[in-house]
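1. Sequence plus the predicted model coming up.
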Amino acid sequence: MKKRLLIRDVTLRDGQQSLFATRMNQDQVDRTLPGFKDAGFYALEVWGGAVPDSVMRYLHENPWARLEIIHKEIGDTSLLTALSRGRNLFGYNPYPDDVIEGFNRNAIRSGISIMRIFDALNDTDNIRSTVKFVKENGGIADCTVVYTVDPKYSTKEKLRALLHARLLPSHIFSKEYFLGRAKEFEKMGADMITVKDMAGLITPGKAGRLIRLLKQNISVPIDFHTHCTPGYGLASTLMAIVNGVDIVDTALASFAGGSAAPSFELIQLFCNRMDIDTGVNLQAVVDLDPILRDIRKELAEFDSTKLFPREFNILTDTLPRDIEQMFELAIAYAKADKEDDLLEVCHRIESWFGFPDPDDKIKEAEIPGGMYSNMLAQLKALKLEKLLVRAMELIPMVRLVSGCPPLVTPTSQIVGVQAVNCAIDEAKGDSMYTTKSIQFVNLVKGVYGHTPVPIDPEYRYKIAGVREETPYDTKYYRRQDNPIFEEYGGVRLARDEKEELLLELFPSVANDFLKKRVEDTYLAEIYRIEEEKYKKIEEEKLKYDILTPEQKEQRLLDGLYNYHWSSYTEDDPSIGHS
């Protein structure tokens with residue numbers, strides 16, 4: 001009997017978010033849905049992440065409608081997946097339980113089966129309530145272990161620590177650390193657990209050892225998610241498969257590689273050689289390829305690489321002999337745990353298929369690609385690009401003093417912004433941390449949860465004015481206003497609970513989106529009423545025109561004259577005005 005590997009396709013969420021800034025509009029999504037329905041992937045990640053914000057902000061579309069349309073088309077052929085940040089949902093501060101419950105209940109009712117829940121600090125307390133609400137509403141709780149690596153200290157920092165007789169923390173994020181989190185999630189009621197490597201930093205050797213450890217100690221299914229930015233993605237996914245992972249995340253070729261997930265087509269070619277059944281209708285995948293290619297061309301202005309993979313039919317096309325050998329060698333190297341050899345042949349395979357080369361800057365710095373680009377953009381806006389190298393050097397120390405948070409959204413942005421602030425402070429001759437973002441203050445204060453490493457109380461006092469960790473108290477949470485617009489007929493900004501949730505989760509963006517919807521609806525109704533009036537006028541005019549002079553005079557005498565079309569009588573001097 002063939003071994004089974006489940007595939008979670010992330011094309012419509014993580015794929016387009018990684019490569020095209022989440023700019024697929026509803027029409028483009030709709031064109032793919034018949035193909036995805038026929039493909040029959042175990043699951044489709046279609047919602048959450050940046051999708052709700054982006055479709056309102058840039059596309060002026062309703063995110064709930066997007067989810068419901070996808071669910072209506074896909075039906076029960078694949079489970080739909082969304083991504084959320086536990087208590088934080090889509091923002092920074094934790095939300096009260098009623099908001100968390102309302103969001104998860106409505107997401108599940110609108111079509112989500114699997115809620116993938118992560119916390120940027122790997123704080124299990126921040127996930128607990130979401131697990132409870134997802135399960136109560138009939139959903140599948142997918143608890144996420146966020147993968148990250150230890151701070152990469154410079155030689156200068158190591159020497160400085162040595163001179164001051166102090167040790168820099170190391171071996172924080174060991175495989176035992178991640179196993180500990182997974183065990184907590186399983187006790188909490190997780191239906192499945194994902195190792196989520198959003199920065200693509202997990203090497204093949206570490207991926208294999210971690211998956212092997214989890215499979216030995218965890219009874220629920222294990223999913224593996226990574227990205228290809230530094231060049232590990234394909235090789236690490238293969239290692240996860242060889243070591244018994246239950247599910248892997250992939251994207252279809254035109255939305256894969258680079259900063260996105262590994263290509264499904266490449267994973268399928270490996271599975272063919274290992275006698276592994278993915279259960280996917282491969283003809284449907286082949287048929288989807290030209291549709292996705294056309295959509296990618298339409299998204300050219302947002303395309304981060306503009307590098308299209310080679311067109312290759314995985315059902316009928318034949319690989320060159322040397323590339324065929326690379327697939328066989330990769331499997332052999334994965335089974336033998338030969339990481340360097342595995343990476344070399346996987347890079348040759350990806351190069352032949354036309355996927356982007358590894359990003360050496362990200363590989364060396366061991367930070368997410370988005371974090372690097374955000375820091376560069378921040379410095380460019382200030383015309384201080386020359387400080388980028390110093391800001392990069394400061395990342396490990398900023399991370400260390402703030403409790404070694406994983407470098408994942410939003411903590412990667414918080415640490416990156418603060419490293420830039422510190423570099424600017426230093427260049428101006430000010431002391432470090434003179435300039436602090438409110439998010440960094442809140443991170444150090446404890447507002448966002450427990451950090452992996454305890455923060456020095458004196459440092460916390462220096463930054464946040466308190467010595468004890470101070471979590472966010474939801475009693476201070478204030479609901480967003482939902483005003484009534486009398487000028488638009490006395491309607492509310494948000495019409496129902498789903499729209500109220502948009503206001504809670506995306507206050508500024510949702511306010512603009514919903515207000516425009518109110519205005520457009522009002523104007524459309526005014527236009528409809530005027531159209532109706534105009535039609536009646538035209539109808540009356542036609543009736544009037546065919547009357548005899550005697551009938552027209554009698555109509556006036558009967559009081560049936562309609563002032564709305566009185567102007568038409570100017571052409572008929574025999575009729576006076578009433």
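-> Yes, it's here.
2. pretty sure Gly138 contacts Ala107?
-> No: Gly138 is beyond contact range of Ala107, at 11.3 Å (criterion: Cβ atoms under 8 Å). In short, each C-beta sits where N, CA and C put it, glycine included.
3. Looking at these two, which one has more neighbours?
-> The neighbour comparison of Gly138 against Ala107 (other Cβ atoms under 10 Å) goes to Ala107, with 26 against 10.
4. how many neighbours does the nearest residue to the more buried one once chain neighbours are set aside have?
-> Spatial nearest neighbour of Ala107, excluding adjacent residues (Cβ to Cβ, 6 or more residues apart in numbering): Ala82 at 5.7 Å. Close neighbours of Ala82, defined as other Cβ under 10 Å, add up to 27.
5. Surely Ala82 is within a strand?
-> Yes: per DSSP: H, G, I helix; E, B strand; the rest coil, Ala82 lies within a strand segment.
6. From Pro471, how far out is Asn126?
-> Distance, Asn126 to Pro471, by Cβ to Cβ, to the nearest Å: 10 Å.
7. whoops, Leu282 was the one
-> Applying Cβ to Cβ, the value for Leu282 to Pro471 is 49 Å.
8. Ok, Val444 next?
-> 13 Å.
9. Compare neighbour counts for those two and give me the winner.
-> Legend: neighbour count by other Cβ under 10 Å for Val444 and Pro471, higher for Val444 (28 against 15).
10. Who are the contact partners of that one?
-> 401-403, 455, 459-460, 463-464 (Cβ atoms under 8 Å, 6 or more residues apart in numbering).
11. In JSON lines, list those residues along with distance to Tyr534 and pLDDT.
-> JSON lines is the format used below for those (distance: Cβ to Cβ, whole Å; pLDDT from 0 to 100):
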{"residue": "Val401", "distance to Tyr534": "69", "pLDDT": "93"}
{"residue": "Ser402", "distance to Tyr534": "65", "pLDDT": "95"}
{"residue": "Gly403", "distance to Tyr534": "67", "pLDDT": "95"}
{"residue": "Ile455", "distance to Tyr534": "69", "pLDDT": "94"}
{"residue": "Tyr459", "distance to Tyr534": "71", "pLDDT": "95"}
{"residue": "Arg460", "distance to Tyr534": "69", "pLDDT": "96"}
{"residue": "Ile463", "distance to Tyr534": "66", "pLDDT": "96"}
{"residue": "Ala464", "distance to Tyr534": "64", "pLDDT": "95"}
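12. returning to that earlier point: give the residues shared as contacts by Asn126 and Pro471.
-> 94, 449.
13. wouldn't Val345 be in contact with Ile331 here?
-> No: judged on Cβ under 8 Å, Val345 makes no contact with Ile331 at a distance of 9.6 Å.
14. and those two? which has more neighbours close in?
-> With neighbours defined as other Cβ under 10 Å, Val345 and Ile331 compare such that Val345 has more, 23 against 18.
15. Give me the distance between that one and Asn511.
-> As judged by Cβ to Cβ, Val345 and Asn511 stand 52 Å apart.
16. what's the answer for Glu339, then?
-> Taking Cβ to Cβ as the measure, Glu339 falls 50 Å from Asn511.
17. Quick check: pLDDT value at the residue nearest to Ala107.
-> pLDDT for Ala82: 98.
18. Show residues contacting the helix or strand where Leu19 lies.
-> Here Leu19 sits within helix 16-20, counting by DSSP states H and E. For helix 16-20, the surrounding residues in contact (Cβ under 8 Å, 6+ apart) are 22-24, 49-51, 54, 227, 255, 258-261, 296, 299, 302-305.
19. Quick check: Gly369 touching Ala199?
-> Yes: Gly369 lies in contact with Ala199 (Cβ under 8 Å); the separation is 7.4 Å.
20. Of these two, give the one with the bigger neighbour count.
-> Applying other Cβ under 10 Å to Gly369 and Ala199 shows that Ala199 carries more neighbours, namely 27 against 21.
21. Setting aside sequence neighbours, what's the nearest residue to the more buried one?
-> In space, and not counting its chain neighbours, Ala199 is closest to Pro368: 3.7 Å by Cβ to Cβ, 6+ apart.
22. Next, that neighbour: phi, psi?
-> Main-chain dihedrals, Pro368, degrees, to the nearest 10: phi -60, psi 150.
23. returning to what we had before: give me the buried subset of the contacts of helix 16-20.
-> The neighbour-count test (16 or more other Cβ atoms under 10 Å) marks 22-24, 49-51, 54, 227, 255, 258-261, 296, 299, 303 as buried among the contacts of helix 16-20.
24. How many residues are close by Glu469?
-> Using other Cβ under 10 Å, Glu469 is surrounded by 18 other residues.
25. sorry, that was for Ile267
-> 24.
26. Equivalent analysis for the one 5 residues further on, please.
-> Burial measure for Asn272: 14 neighbouring residues, criterion other Cβ under 10 Å.
27. what does the helix or strand harbouring Leu501 contact?
-> Using DSSP H and E, Leu501 sits in helix 497-505. Residues outside helix 497-505 that contact it (Cβ under 8 Å, 6+ apart) are 52, 56, 63-64, 89-91, 95, 99, 102-103, 106, 110, 479-480, 482, 493-494, 510-511, 513-514.
28. Name the residues of it that come out as buried.
-> 498-505.
29. and after it, which helix or strand comes next?
-> Sequence order places helix 507-545 as the next helix or strand after helix 497-505, per DSSP H and E.
30. tilt between that next one and helix 497-505?
-> If you take axes from the mean of the first three to the mean of the last three Cα atoms, to 10 degrees, helix 507-545 sits at 140 degrees to helix 497-505.
31. Remind me what helix 507-545 packs against, helices and strands.
-> For helix 507-545, the elements it packs on are helix 51-57, strand 491-492, helix 497-505, judged by 3 or more Cβ pairs under 8 Å, 6 or more residues apart in numbering; DSSP states H and E.
32. Of those, which is nearest Ile537?
-> Judged by Cβ to Cβ, the one of the helices and strands packed on helix 507-545 that comes nearest to Ile537 is strand 491-492, at 28.2 Å.
33. so how far is that closest one from its chain's centroid?
-> Here strand 491-492 shows a centroid-to-chain-centroid distance of 31 Å under the convention Cα atoms, centre = their mean, to the nearest Å.
34. And the average pLDDT for that strand is what?
-> Mean predicted lDDT for strand 491-492 stands at 92.
35. for stretch 57-70, same thing?
-> With pLDDT averaged residue by residue, stretch 57-70 scores 97.
36. tell me which residues in it are buried?
-> Result for stretch 57-70 [16+ other Cβ under 10 Å]: buried residues 57, 59, 61-64, 66-67, 69-70.
37. next one: stretch 338-348
-> The neighbour-count check on stretch 338-348 (16+ other Cβ under 10 Å) flags 338-339, 341-343, 345-348 as buried.
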